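**Q** Please find the sequence and the predicted model below.
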Amino acid sequence: MKFKATTAIAALAISLPALALADADDDTLVLNGEIEMVTKTAAPAHLADSLDEVISGWHMRSDETQVMQADDFDNPGMIFVEQAMDDWETEMGTKGKSCASCHGDVEESMKGVRAVYPKWNDNKETVYTMEMQINDCLTNGMGAEAWKKSGAQMARMEALISVQSRGMPMNVAIDGPAEATWELGKELYYTRTGQLDLSCANCHEDNYGNHIRSDHLSQGHTNGFPVYRLKNAKLTTAHGRFKGCVRDTRAETYKPGSDEFIALELYVASRGNGLSVEGPSVRN
Amino acid sequence: MKLSTLTLVASFAAGTAIAGPVAPADVVFTEDGAVEASLSGAAGDAANGAKVMTTKSLGNCVACHQVTALSEAPFHGNVGPSLDGVGDRWNLAELRGILSNAKMTYEGTVMPAYFVVDGFTRPGNAYTGKAAEGPLDPLLSAQQIEDVIAFLATLKE
């Protein structure tokens, strides 16, 4: 097929604003006046062909939203973290144990955990998300019921665990036994779905920095998850967000906790390797 | 905007083509991705085309394109180029091709195909996140596409 000269003109017209906006704003995020967050950094090696720099979604939000995340007293997500602190210490299930019975002080034992999940679990011989590990502790360790995948109680426990790693760089492993899952996630990331026929990459790699309606497109990283969304005043998990994004392509979504979303979570997390853990971040 | 005169131009051009309506599977594209024949067999109504372009549940074109003539509608995006002056850049057949299946004009484009009903991965039932039930409807009807291109033809510098 012959493409017209106008195609080049159109392509130029889009690439100009993309260049201007792609570097987002130049604000810096210092949490509670203490923790310096890395919100822009060199892209991990595996992205060499597609991105030079990875940028936290924080940069694409309005100043008001950005400020809310900079101080725990202003971050509405922290209420849920407090609730999860209660859960942490509550005995649940037939074995009369709480999370604290095995893990003690959450600030000690959960430091650094969020930064490396999802990760390969040797005993289970599969890639584990934090949610899978939490449900494993609940059912096997405590004799309790599993929590609903991506449900409110799960999201707030993930937020509590995430808080213990804030400021640490995302650092999920993509090689060794996790590689096959990572490859599946990568394939899904680039697969165009739905009647709008759009992939994750179409919005978050090709068009970050641009606007779709009032939405300022980010690179779609997961370092801020779970996120507190002003839109519905609650925490959203990564799988909850993926589901919304796939639905918006007029596609049949995958389910939270599905093999597809586990793989996608690993792959998307690896794209953000190097960015600081921010969860619970604030987004619109 | 002088819609009335320009609608006339549009209807004249459409009138020269073979009478439709055409099913999505039967649309004939030229080598350059244009579609010569009116999809509905009738002329387009530019005023309705403007409405289709700004309505979220219909064309939702302003989600990706800035259009000065539609500036009353909020939140124009910039994923696609500005459509100002697009009536000078493309004729009706070319615009019809871009609307029907933009991939025939721009390989791999992110612009949705508004008159295609098959070949999708995991097509959903509109925006419910559930699987589509039965055959898909095109995103816009044949007449809505004719209306949109009638409006686009009015966008001259």
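**A** Sure thing, it's come through.
**Q** Might one say that A:Val106 is in contact with A:Asp87?
**A** No. At 10.4 Å, A:Val106 does not count as touching A:Asp87 under the criterion of Cβ atoms under 8 Å. C-betas here are computed from N, CA, C, even on glycine.
**Q** Touching both of the two, which residues are there?
**A** In the contact map built from Cβ atoms under 8 Å, 6 or more residues apart in numbering or on different chains, the residues linked to both A:Val106 and A:Asp87 are A:99, A:160.
**Q** These two: who's more crowded?
**A** A:Val106 (20 against 16; other Cβ atoms under 10 Å in any protein chain shown).
**Q** and the residue nearest to that one when sequence neighbours are not counted, how many neighbours?
**A** Residue nearest to A:Val106 in three dimensions, not counting chain neighbours: A:Trp88, with 5.5 Å by Cβ to Cβ, 6 or more residues apart in numbering or on different chains. When neighbours are defined as other Cβ under 10 Å, A:Trp88 has 17 of them.
**Q** Could you identify the helix or strand that succeeds the helix or strand hosting A:Trp88?
**A** Using DSSP states H and E, A:Trp88 falls within helix A:78-89. Counting by DSSP H and E, the next helix or strand C-terminal to helix A:78-89 is helix A:99-103.
**Q** Run the chain-centre distance for that following helix.
**A** 26 Å (Cα atoms, centre = their mean, to the nearest Å).
**Q** likewise stretch B:106-123?
**A** 13 Å.
**Q** still on that earlier bit, could you list every helix and strand in contact with the helix holding A:Trp88?
**A** Where contact means 3 or more Cβ pairs under 8 Å, 6 or more residues apart in numbering or on different chains; DSSP states H and E, helix A:78-89 is packed against helix A:99-103, helix A:152-163.
**Q** how about 10 Å then?
**A** Applying 3 or more Cβ pairs under 10 Å, 6 or more residues apart in numbering or on different chains; DSSP states H and E, we find helix A:78-89 packed against helix A:99-103, helix A:106-109, helix A:152-163, strand A:227-229, strand A:234-236.
**Q** Take these and lay them out in a markdown table including mean pLDDT.
**A** Listed next are the helices and strands packed on helix A:78-89 as a markdown table, based on pLDDT from 0 to 100:
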| stretch | mean pLDDT |
| --- | --- |
| helix A:99-103 | 98 |
| helix A:106-109 | 98 |
| helix A:152-163 | 98 |
| strand A:227-229 | 98 |
| strand A:234-236 | 98 |
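**Q** what residues are up against the most centrally placed residue in chain A?
**A** Nearest to the mean C-alpha position of chain A, by Cα atoms, centre = their mean, lies A:Thr222 at 1.7 Å. Shown in contact with A:Thr222 (Cβ atoms under 10 Å, 6 or more residues apart in numbering or on different chains): A:57, A:117-118, A:170, A:172, A:237-239, A:241-242, A:264-272, A:275, A:277-279.
**Q** mean confidence score for the helix holding A:Trp88?
**A** Mean pLDDT, computed over helix A:78-89, is 98.
**Q** What of stretch B:50-57?
**A** In the prediction, stretch B:50-57 has an average pLDDT of 97.
**Q** How far away from the center of its chain is that stretch?
**A** 11 Å.
**Q** As PDB, could you dump the C-alpha coordinates of that stretch?
**A** The C-alpha trace of stretch B:50-57 is given here as PDB (Å, rounded to 0.1, in the frame of the first residue of the first chain):
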ATOM      1  CA  ALA B  50     -20.400  17.500  14.400                       C
ATOM      2  CA  LYS B  51     -22.600  16.000  17.100                       C
ATOM      3  CA  VAL B  52     -21.300  12.500  16.400                       C
ATOM      4  CA  MET B  53     -17.700  13.700  16.800                       C
ATOM      5  CA  THR B  54     -18.200  15.300  20.200                       C
ATOM      6  CA  THR B  55     -20.500  12.700  21.700                       C
ATOM      7  CA  LYS B  56     -18.600  10.300  23.900                       C
ATOM      8  CA  SER B  57     -20.700   7.300  23.200                       C
END
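**Q** which parts of that stretch are buried?
**A** For stretch B:50-57, burial by neighbour count (16 or more other Cβ atoms under 10 Å in any protein chain shown) applies to B:50-54.
**Q** how about the helices in the chain?
**A** All of this refers to chain A. Listed in chain order, the helices of chain A (DSSP state H) span A:5-22, A:63-70, A:78-89, A:99-103, A:106-109, A:130-136, A:152-163, A:179-189, A:200-204, A:238-247, A:259-271.
**Q** meant chain B, my bad for not saying
**A** B:3-15, B:46-54, B:86-89, B:92-100, B:142-152.
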